[in-house]
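Chemist: Just to be clear, the model below is a prediction. Sequence and coordinates:
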There are 2 protein chains.
Amino acid sequence: MSERALRVAVLGCGTVGTEVVRLLREQATDLTARSGARLELVGIAVRDTSVPRDPVVDPALLTTDAAGLVRRADLVVELMGGIEPARTLVLDALAAGASVVTANKALLAAHGPELYEAAEGRGVDLYFEAAVAGAVPVVRGVRESFAGDRVNRVLGVVNGTTNYILDEMTSRGVGFDEALADAQALGYAEADPTADIDGHDAAAKIAILASLAFHTRVSIDDVPVEGIRHVTADDVEAARRGHHVIKLLAVAERRTTAGGEGIAVRVHPTLLPTAHPLAAVRGAYNAVVLDTEAAGRLMFYGQGAGGAPTASAVLGDVVAAARNRVSGGRGPAESRYAQLPLLGGDQVTTQFQLRLEVADVPGVLAAIAGTFGDHDVSIQTVTQEQTGAADGAAVLVVVTHRASEAALAATAEAVARIPSVKRVLAVTRVEED
Amino acid sequence: MSERALRVAVLGCGTVGTEVVRLLREQATDLTARSGARLELVGIAVRDTSVPRDPVVDPALLTTDAAGLVRRADLVVELMGGIEPARTLVLDALAAGASVVTANKALLAAHGPELYEAAEGRGVDLYFEAAVAGAVPVVRGVRESFAGDRVNRVLGVVNGTTNYILDEMTSRGVGFDEALADAQALGYAEADPTADIDGHDAAAKIAILASLAFHTRVSIDDVPVEGIRHVTADDVEAARRGHHVIKLLAVAERRTTAGGEGIAVRVHPTLLPTAHPLAAVRGAYNAVVLDTEAAGRLMFYGQGAGGAPTASAVLGDVVAAARNRVSGGRGPAESRYAQLPLLGGDQVTTQFQLRLEVADVPGVLAAIAGTFGDHDVSIQTVTQEQTGAADGAAVLVVVTHRASEAALAATAEAVARIPSVKRVLAVTRVEED
């Protein structure tokens, strides 16, 4: 039986690219049967063809001429990362009528609409399962499986590096710097870990998920982000004592305000009760919880990074794009009809926990409670910690009801000025469910 | 802007059908935007139009003429359950060129190939996300997301009724009959609970997942099944003492035997360590774990039954099928190219746990170990239970390495004939990872 062949170009040959090349070769028969076309690897664009590589990579396929390679392909797999030259190459590929599969979250979160429009203009596909949570099929889940439902909230542990660091701090009691050094030694964190630990990687991923879940354009610039650099061993230990864990959480939720419905997107360290499904996400794993109107709560869990898991997600998309070429069909286009407004800081409320070191004297609680009341921030619970305070001092843990960040900041400032309050030890957001 | 309209027929108006009708109405604007076509509900086939129904169901749309309704539709949503008349109506719909979305696991597990062929013959779609694990998007996951990977094992808690019953037995210490009665009172079990508690419902679901995961036709008749009727409060309590839980597990795995690669599919009560990701699945929830070559281990978790969750899965498929009608594309067809042999009982091995009540006399352990050795079943651990045995007796818990069911049965029979062995209390399969 003669089979149609599709020319596949791979841009970038790092860890993920090498595994994509391996799967294309080792699973060739299966991939042909599943996609209806022989997937012929026509080239691999790299910066330097002389670098030693895994033997699975045929040196004859390497080229530094990415722009030329793109023009010879039916399917382009973009694994270079970063904005340029990835953006130009992807736009060129789409303009030339190739379908594109990309793992590039930064590119999508910054220039998604432009890429979608280029794909739509030529009637080709843009797939990007691997851009969010590696092998965890949450992009297809949100984009396709819940297309008949109404997503109300997306909560994700979508950055393996920070999860590994916080997990180490929790299980071994070490500080942030030591946990980061361990993560770097084990290859879970890069030499420059900024994008991970400052939350930008998670922000790109939640921007992508929010766009899909709420049918609204959300860019990484719309996502307020707070990283985990300032989280201390003491914060983690205090959370443990209070039956919580600290996770770097990416959140996108539908909220109804006085002005109508809007969406709130953010990334920040968050206290989660130990019984929360995301509290158990260990090491470099990723998980995403969806709260939907009809289906209720769902969770997806799996490896969020690494060469082989990411390559699995890429190849799943390659098969989908190939099937569409064969059948004449189309993958999902951009869905932005809802155009919900993005809520700003003042319109977004969360619960907060404040840990306060106070003088162990009568009246301190009344003073604190009064200050919260003055700022219209209502208190859910106040607990005195049993350990950790110096002589003559106590640590109070205040959990608020939902408050805006501005209201909370003003409250914390006023509380810090109460004479019997020695220090505000930590202010952390809380998600109880 | 003028929009294309697609005529939707719903067959069956029970809990799920009513919720599908509700979502079609309440989410009409969203569904149109997402699918690119207005979804016009043209009729709802029921057995009796005079039954009182939820006000969301327009009585003018009700008809008892299902065959006539099917001929007027572009998309047929089959929610009748059972084999006939569902099979004939689905075949008629496909033959007439309608795409079909069904939640009917029994029909798919018994007649899947016939339905696929009818769909392929007319170039239309057959979608069935709701047939397995309700709203948990595991069908799309296995069928599409891991199309570029190699699934090695599927492990599922896919029947909410039995999971609820076993969970009640575990958390409240009640017996099977009482837990079943509770489940019936709460609507988690039907008046005739046979299909659930004897494992047939789970068998249908794992047959469907195995077909997709291994690209091989698997029918419900290929699935050896053992239900949970015989699981006692004592078994559940003994599991708890040994840091395990008992779950009704649906398993499909790729195994390499002397004759080459094959697949083993089965449903049975299983001891899982409490740290296993499926051990934490509570109440009527469902979860499926996939072990894949490249992506590693993944888990999907969510509500496996109920009107609204199942309707969510149905509507996701309706949007996919509608998009394909609009774009001229096609959903995935049957994939059965691998045609792996199904391994029979003698070729399939699992670990077993035997609980034995024995006389507390010297030499009993040697006699038991000798008998296992005589049957070539090797022992992994033997533990003496600390509680539960009568005076002068002890309870030994033997965990074997992998053994075939036949070898294990012969061993258990021989062990029962050892004079110092009073009773074989339970023989249960074990999955340690």
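Modeler: Yep, it's here. Residues are numbered from 1 along each chain as shown, chains lettered A, B, ... in the order given.
Chemist: host element of the residue in chain A that chain B sits nearest to?
Modeler: Per Cβ to the nearest Cβ, A:Gly329 is where chain A lies closest to chain B, at 1.8 Å. C-beta: built from backbone N, CA, C; applies to glycine. Counting by DSSP states H and E, no helix or strand carries A:Gly329.
Chemist: and it, how many neighbours?
Modeler: 17 (other Cβ atoms under 10 Å in any protein chain shown).
Chemist: in terms of contact, does it touch B:Gly328 like I think?
Modeler: Yes - applying Cβ atoms under 8 Å as the test, A:Gly329 and B:Gly328 come out as touching, 6.5 Å apart.
Chemist: A:Val10 - that's part of a helix, no?
Modeler: No - per DSSP: H, G, I helix; E, B strand; the rest coil, A:Val10 lies outside any helix segment and is strand.
Chemist: So what's the residue count around it?
Modeler: Burial of A:Val10 is recorded as 30 neighbouring residues (other Cβ under 10 Å).
Chemist: gap between it and A:Leu61?
Modeler: Distance of A:Val10 to A:Leu61, given as Cβ to Cβ, to the nearest Å: 8 Å.
Chemist: Now do the shared contacts for those two.
Modeler: A:41, A:43-44 (Cβ atoms under 8 Å, 6 or more residues apart in numbering or on different chains).
Chemist: got the contact list for the residue of chain A closest to chain B?
Modeler: A:323, B:324, B:327-330.
Chemist: What's the biggest helix in chain A, counting residues?
Modeler: Among the segments of chain A that qualify as a helix by DSSP state H, the longest is helix A:307-327.
Chemist: Does it reach chain B?
Modeler: Yes - using Cβ under 8 Å from any Cβ of the partner chain, helix A:307-327 reaches chain B at A:308-309, A:311-320, A:323-324, A:327.
Chemist: Now, of those residues, which are buried?
Modeler: A:308-309, A:311-320, A:323-324, A:327 (16 or more other Cβ atoms under 10 Å in any protein chain shown).
Chemist: would JSON lines of the contacts of A:Gly329 with distance to A:Arg282 and pLDDT be doable?
Modeler: Shown next, in JSON lines, are the contacts of A:Gly329 (distance: Cβ to Cβ, whole Å; pLDDT from 0 to 100):
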{"residue": "A:Arg323", "distance to A:Arg282": "35", "pLDDT": "95"}
{"residue": "B:Asn324", "distance to A:Arg282": "39", "pLDDT": "94"}
{"residue": "B:Ser327", "distance to A:Arg282": "41", "pLDDT": "89"}
{"residue": "B:Gly328", "distance to A:Arg282": "45", "pLDDT": "88"}
{"residue": "B:Gly329", "distance to A:Arg282": "39", "pLDDT": "88"}
{"residue": "B:Arg330", "distance to A:Arg282": "40", "pLDDT": "89"}
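Chemist: I'd say A:Ala103 and A:Glu78 touch.
Modeler: Yes - here A:Ala103 reaches A:Glu78: they are 7.4 Å apart, a contact under Cβ under 8 Å.
Chemist: re the thing from before, nearest to B:Asp374 among the buried ones among the residues of helix A:307-327 next to chain B?
Modeler: Set against B:Asp374, the nearest of these by Cβ to Cβ is A:Ala308 (43.6 Å).
Chemist: Thank you kindly, that will do.
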